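Visitor: How does the following fold in three dimensions:
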Amino acid sequence: MKRRMISAIVLFLITFVALLVFIALYMDEVKRVQETYKLQYRTGLNDVITDIESYKNAEGDLELRYMRIVSDMSGADAFAFLIEDLDEEKKIINEVSTCLIKYPEQMKEKLDELETAVNDILDDLDKGYDEARELVDSINKQGY
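Guide: Residues are numbered from 1 along each chain as shown. Alright, predicted model coming up:
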(Lines give C-alpha, C1' and ligand atoms only; values in the text may rest on other atoms or scores of the structure.)
Protein backbone atom coordinates (compact mmCIF):
# COMPACT_ATOMS: atom_id res chain seq x y z
CA MET A 1 0.00 0.00 0.00
CA LYS A 2 2.85 2.41 0.82
CA ARG A 3 4.43 1.71 -2.54
CA ARG A 4 1.20 2.59 -4.39
CA MET A 5 0.76 5.77 -2.39
CA ILE A 6 4.34 6.87 -3.06
CA SER A 7 3.89 6.08 -6.78
CA ALA A 8 0.66 8.09 -6.87
CA ILE A 9 2.31 11.08 -5.18
CA VAL A 10 5.31 10.96 -7.52
CA LEU A 11 3.01 10.68 -10.55
CA PHE A 12 0.96 13.62 -9.27
CA LEU A 13 4.08 15.76 -8.78
CA ILE A 14 5.38 14.93 -12.26
CA THR A 15 2.00 15.76 -13.77
CA PHE A 16 1.77 18.98 -11.80
CA VAL A 17 5.25 20.11 -12.88
CA ALA A 18 4.42 19.27 -16.50
CA LEU A 19 1.23 21.33 -16.22
CA LEU A 20 3.16 24.31 -14.84
CA VAL A 21 5.70 24.06 -17.67
CA PHE A 22 2.87 23.92 -20.23
CA ILE A 23 1.19 26.98 -18.72
CA ALA A 24 4.47 28.93 -18.72
CA LEU A 25 5.15 28.02 -22.35
CA TYR A 26 1.61 29.01 -23.32
CA MET A 27 1.89 32.40 -21.59
CA ASP A 28 5.24 33.03 -23.29
CA GLU A 29 3.76 32.21 -26.69
CA VAL A 30 0.78 34.51 -26.10
CA LYS A 31 3.16 37.34 -25.19
CA ARG A 32 5.22 36.72 -28.31
CA VAL A 33 2.14 36.69 -30.54
CA GLN A 34 0.92 39.95 -28.99
CA GLU A 35 4.30 41.55 -29.75
CA THR A 36 3.95 40.40 -33.36
CA TYR A 37 0.48 41.97 -33.57
CA LYS A 38 1.79 45.24 -32.15
CA LEU A 39 4.63 45.25 -34.68
CA GLN A 40 2.20 44.64 -37.56
CA TYR A 41 -0.10 47.39 -36.23
CA ARG A 42 2.74 49.88 -36.17
CA THR A 43 3.88 48.76 -39.62
CA GLY A 44 0.36 49.36 -40.96
CA LEU A 45 0.33 52.85 -39.48
CA ASN A 46 3.76 53.58 -40.97
CA ASP A 47 2.42 52.50 -44.34
CA VAL A 48 -0.53 54.88 -43.91
CA ILE A 49 1.87 57.79 -43.42
CA THR A 50 3.90 56.75 -46.46
CA ASP A 51 0.75 56.51 -48.55
CA ILE A 52 -0.53 59.91 -47.38
CA GLU A 53 2.78 61.50 -48.39
CA SER A 54 2.58 59.70 -51.73
CA TYR A 55 -0.98 60.96 -52.20
CA LYS A 56 -0.03 64.56 -51.44
CA ASN A 57 3.00 64.51 -53.76
CA ALA A 58 1.27 62.67 -56.60
CA GLU A 59 0.28 64.11 -59.92
CA GLY A 60 -1.31 61.00 -61.34
CA ASP A 61 -3.77 58.39 -60.14
CA LEU A 62 -5.05 59.83 -56.87
CA GLU A 63 -7.84 57.25 -56.53
CA LEU A 64 -5.32 54.40 -56.47
CA ARG A 65 -3.20 56.20 -53.91
CA TYR A 66 -6.26 56.89 -51.76
CA MET A 67 -7.26 53.22 -51.93
CA ARG A 68 -3.78 52.32 -50.68
CA ILE A 69 -4.37 54.59 -47.67
CA VAL A 70 -7.71 52.87 -47.05
CA SER A 71 -6.14 49.43 -47.42
CA ASP A 72 -3.27 50.11 -45.04
CA MET A 73 -5.57 51.72 -42.47
CA SER A 74 -7.86 48.69 -42.67
CA GLY A 75 -4.86 46.43 -42.08
CA ALA A 76 -3.80 48.45 -39.06
CA ASP A 77 -7.41 48.32 -37.84
CA ALA A 78 -7.45 44.53 -38.12
CA PHE A 79 -4.26 44.18 -36.10
CA ALA A 80 -5.48 46.69 -33.51
CA PHE A 81 -8.40 44.39 -32.73
CA LEU A 82 -5.99 41.53 -32.07
CA ILE A 83 -4.00 43.51 -29.51
CA GLU A 84 -5.22 42.98 -25.96
CA ASP A 85 -3.91 46.25 -24.48
CA LEU A 86 -5.82 48.65 -26.72
CA ASP A 87 -9.49 48.94 -25.81
CA GLU A 88 -10.70 52.48 -26.44
CA GLU A 89 -7.99 52.94 -29.05
CA LYS A 90 -9.43 50.06 -31.08
CA LYS A 91 -12.68 51.93 -31.48
CA ILE A 92 -10.97 55.11 -32.61
CA ILE A 93 -8.83 53.33 -35.21
CA ASN A 94 -11.90 51.46 -36.44
CA GLU A 95 -13.86 54.71 -36.77
CA VAL A 96 -11.02 56.34 -38.73
CA SER A 97 -10.89 53.35 -41.05
CA THR A 98 -14.67 53.45 -41.49
CA CYS A 99 -14.60 57.17 -42.28
CA LEU A 100 -11.91 56.59 -44.90
CA ILE A 101 -14.17 54.05 -46.58
CA LYS A 102 -17.55 55.76 -46.22
CA TYR A 103 -16.63 59.43 -46.62
CA PRO A 104 -13.70 59.63 -49.07
CA GLU A 105 -14.46 63.17 -50.28
CA GLN A 106 -14.34 64.59 -46.77
CA MET A 107 -11.37 62.50 -45.69
CA LYS A 108 -9.31 63.53 -48.72
CA GLU A 109 -9.48 67.08 -47.40
CA LYS A 110 -8.35 66.00 -43.93
CA LEU A 111 -5.33 63.84 -44.81
CA ASP A 112 -2.96 66.32 -43.14
CA GLU A 113 -4.85 65.94 -39.86
CA LEU A 114 -4.83 62.16 -40.26
CA GLU A 115 -1.10 62.17 -40.90
CA THR A 116 -0.49 64.25 -37.76
CA ALA A 117 -2.69 61.94 -35.67
CA VAL A 118 -1.01 58.78 -36.96
CA ASN A 119 2.46 60.28 -36.40
CA ASP A 120 1.52 61.07 -32.81
CA ILE A 121 0.13 57.56 -32.32
CA LEU A 122 3.39 56.09 -33.61
CA ASP A 123 5.32 58.37 -31.25
CA ASP A 124 3.29 56.82 -28.39
CA LEU A 125 1.60 60.11 -27.56
CA ASP A 126 -1.91 59.85 -26.14
CA LYS A 127 -2.89 63.01 -27.96
CA GLY A 128 -2.65 61.06 -31.24
CA TYR A 129 -5.80 59.12 -30.39
CA ASP A 130 -7.47 62.35 -29.26
CA GLU A 131 -6.58 63.96 -32.58
CA ALA A 132 -7.98 60.94 -34.42
CA ARG A 133 -11.18 61.20 -32.37
CA GLU A 134 -11.48 64.90 -33.26
CA LEU A 135 -10.94 64.03 -36.92
CA VAL A 136 -13.75 61.46 -36.82
CA ASP A 137 -16.02 63.90 -35.00
CA SER A 138 -15.37 66.58 -37.62
CA ILE A 139 -16.75 64.39 -40.42
CA ASN A 140 -20.32 65.11 -41.51
CA LYS A 141 -21.79 61.62 -41.30
CA GLN A 142 -25.14 62.70 -42.78
CA GLY A 143 -23.81 62.92 -46.29
CA TYR A 144 -20.83 62.86 -48.57
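
Visitor: CA atoms for contacts and neighbours, from now on please.
Guide: OK.

Visitor: In this protein, which residue is most central in space?
Guide: A centroid search over the chain (C-alpha atoms, centre = their mean) returns residue 80, at 2.1 Å, as the residue closest to the centre.

Visitor: That one contacts residue 41, doesn't it?
Guide: Yes: applying C-alpha atoms under 8 Å as the test, residue 80 and residue 41 come out as touching, 6.1 Å apart.

Visitor: tell me what the helix or strand harbouring residue 10 is packed against?
Guide: Per DSSP states H and E: residue 10 is located in helix 2-57. Applying 3 or more C-alpha pairs under 8 Å, 6 or more residues apart in numbering; DSSP states H and E, one finds that helix 2-57 contacts helix 62-80, helix 111-122.

Visitor: what is the rounded mean pLDDT of the first one?
Guide: The predicted model assigns helix 62-80 a mean pLDDT of 92.

Visitor: any residues touching it, and which ones?
Guide: For helix 62-80, the external contacting residues (C-alpha atoms under 8 Å, 6 or more residues apart in numbering) are 37-38, 40-45, 47-48, 51-52, 54-55, 86, 90, 93-94, 97, 100-101, 108.

Visitor: List the contacts of residue 51.
Guide: Residue 51 neighbours (C-alpha under 8 Å, 6+ apart): 65, 66, 68, 69.

Visitor: can you pick the most crowded of these?
Guide: The most crowded member of those, judged by other C-alpha atoms under 10 Å, is residue 69 (27 neighbours).

Visitor: any idea how far residue 32 is from it?
Guide: 28 Å (C-alpha to C-alpha, to the nearest Å).

Visitor: and if you look at residue 84?
Guide: Counting by C-alpha to C-alpha, the gap from residue 84 to residue 32 is 12 Å.

Visitor: so where's this structure uncertain?
Guide: For the chain, the stretches flagged by pLDDT under 70 are 143-144.

Visitor: ok, 90 please
Guide: 1-3, 54, 56-64, 83-90, 106, 108, 124-126, 128, 139-144 (pLDDT under 90).
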